[in-house]
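sequence and predicted structure below; questions after.
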Amino acid sequence: DGGITQSPKYLFRKEGQNVTLSCEQNLNHDAMYWYRQDPGQGLRLIYYSQIVNDFQKGDIAEGYSVSREKKESFPLTVTSAQKNPTAFYLCASSMHREIYNEQFFGPGTRLTVL
Amino acid sequence: GQQLNQSPQSMFIQEGEDVSMNCTSSSIFNTWLWYKQDPGEGPVLLIALYKAGELTSNGRLTAQFGITRKDSFLNISASIPSDVGIYFCAGMEYGNKLVFGAGTILRVKS
């Protein structure tokens, strides 16, 4: 089945530790995105990548890092520099074109800092 | 970054009623998207709108791309219990980045 997978579903981390969230897609999409969702708020963009080996900061990139070594993979690392990392993290992908470029989302990873 | 103004924040309606929600922005968008999110899951795309004035349906859902390109509306007809969830609007800006509303929480009385 074509789709976007995120793992793990739930993740617990101690303060001061880095943690990496996985995102894989087999939709042959060019662009991939990471969002953060907090209760009662809309989604906020962390990082995005339109092609392999290239990515740009979103609105809340501080304390996060990404890589895009393969078209189908876009892992997100939450570093110890992120002051409030507990949140629901969503990965999305889309075709990179002028129109008909709607984004499709994975099931999400809930990160809790203990 | 900017956010869209989405209203209402929440709705508690009777099963069978029609539902309306909307999003407004100070910026122009070329694409409007509507998503539904169930608790603990990722958002699912409901409707995509690409042209100002466009009216698009998906089953009991109908959405419109405002003529000014600064707003969009979603209507759900004859609501049923499985319509509960959070509905998000999103406008697409330059570079294919999405700007999201804060969501409308829909609760249905059976």
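Received the coordinates, thanks. Not measured: the values here are computed from a predicted model. Residues are numbered from 1 along each chain as shown, chains lettered A, B, ... in the order given.

all strands of the chain, in order?
Just going to use chain A. A:4-7, A:10-13, A:19-25, A:31-37, A:43-51, A:54-57, A:64-66, A:76-78, A:87-94, A:104-105, A:109-113 (DSSP state E).

chain B was what I was after
Going by DSSP E, chain B shows strands at B:5-7, B:10-14, B:19-24, B:31-37, B:44-49, B:55-58, B:61-65, B:71-76, B:85-93, B:97-100, B:104-109.

up against chain A, what does chain B have?
B:1, B:3-4, B:6, B:30-31, B:33, B:35, B:40-45, B:48, B:50, B:88, B:90, B:92, B:95-98, B:100-103 (CB under 8 Å from any CB of the partner chain). For every residue, glycine as well, the C-beta is placed using N, CA and C.

any weak-confidence spans in chain B?
Low-confidence segments of chain B (pLDDT under 70): B:1-2, B:110.

apply 90 and report the result again.
B:1-4, B:13, B:93-97, B:108-110 (pLDDT under 90).

again with chain A
Ranges of chain A meeting pLDDT under 90: A:1-2, A:16, A:39-42, A:95-101, A:114.

what parts of it come near chain B?
Looking at chain B, the residues of chain A close enough under CB under 8 Å from any CB are A:4, A:6, A:31, A:33, A:40-45, A:48, A:50, A:56, A:58-60, A:90, A:94, A:96, A:99-108, A:110.

what do you get if the cut-off is 7 Å, keeping everything else the same?
Contact residues (CB under 7 Å from any CB of the partner chain) of chain A with chain B: A:31, A:40-45, A:48, A:59, A:90, A:94, A:96, A:99, A:101-108.

buried ones among the residues you listed?
Buried residues within the residues of chain A next to chain B, defined by neighbour count using 16 or more other CB atoms under 10 Å in any protein chain shown: A:31, A:42-45, A:48, A:90, A:94, A:101-106, A:108.

from the centroid of chain A, which residue is nearest?
Centroid-nearest residue in chain A, with CA atoms, centre = their mean: A:W34, separated by 2.7 Å.

which residues does B:K70 contact?
Taking CB atoms under 7 Å, 6 or more residues apart in numbering or on different chains, we find B:K70 in contact with B:24-25, B:27-28.

rewinding a little: what's the most buried one of the strands of chain A?
strand A:31-37 (a mean of 25; mean count of other CB atoms under 10 Å in any protein chain shown).

what strands flank that one, and is each parallel or antiparallel?
strand A:43-51 (antiparallel), strand A:87-94 (antiparallel) (DSSP bridges).

quick revisit: closest one of the buried ones among the residues of chain A next to chain B to B:T56?
Nearest to B:T56 out of those is A:E102 (CB to CB; 12.3 Å).
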